[in-house]
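S.K.: Sharing a sequence plus its predicted fold:
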Amino acid sequence: MPGLALDVNYKFSGHTVGFAGHFATINFEDEPGFTGGEDQDANLMKVYTTLNFGDVSFNAEYYSGEALNNQNALGVAPAARLSGGVIRESFSESGFFTFVNWKVSPKHNIRVGYASASVDSDDRARLSLTELNKNTTAYINYGYKVTSSLTAFAQFTHFDTEYGVDFESFTASVGRAGVVFKF
């Protein structure tokens, strides 16, 4: 799967805006068990920004692509693959994330974020009941810098996930605490 990755960004006054693209073709013809189908495109296009306003920064990204799981791009749509020897066509998807980071003081930090990704509407009818259709998450995180190399944190995250063609929805909330050691 040869591919091309391109990332262009512009930085000004502590801010960044950019565009990135990953372009590849998945070739299944050399795979054991191949009996038919066509090569699949595996593409990703995204725009992103980081805006810094002193102790507050705003980060956002919007993406759209196909066969993202084949690229290890954390896609929600199923990967293109061989199924019974025939290539299963890739799925298209799009999504976004955004978060605000506030450095309350040199030792205290709060981050609040929201993200959503879903299979494009034209491809949803091909999903099985157990395949992801949409995933949404919201979180809040508090960090405390104990020392220059040790940070303690607490985080609360809420997930809402839809599966398959019937859009069955499941939710989960997760609280966690931990430490990060940088050396």
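M.R.: Nice, thanks for sending it over. Residues are numbered from 1 along each chain as shown.
S.K.: what does the helix or strand where Thr136 lies contact?
M.R.: Using DSSP states H and E, Thr136 sits within strand 132-147. With CB atoms under 8 Å, 6 or more residues apart in numbering as the test, strand 132-147 has contacts from 76-78, 106-119, 124, 127, 151-165, 167, 179. For the C-beta atoms, the positions are set from N, CA and C on the backbone; glycine is no exception.
S.K.: buried subset of those?
M.R.: Buried members of those, scored by 16 or more other CB atoms under 10 Å, are 76-78, 109, 111, 113, 115-119, 124, 127, 151, 153, 161-163.
S.K.: Give the full set of residues in contact with the residue lying farthest from the centre of the chain.
M.R.: The C-alpha centroid of the chain is most remote from Thr35, which lies 32.3 Å away (CA atoms, centre = their mean). Contacts for Thr35 (CB under 8 Å, 6+ apart) come out as 84-86.
S.K.: Quick check: which ranges of this structure have low pLDDT?
M.R.: Within the chain, the ranges that satisfy pLDDT under 70 run 1-2, 70-75.
S.K.: residue ranges for the helices of it, please.
M.R.: Using DSSP state H, the chain contains no helices.
S.K.: List the buried residues for stretch 44-57?
M.R.: 44, 46, 48-50, 57.
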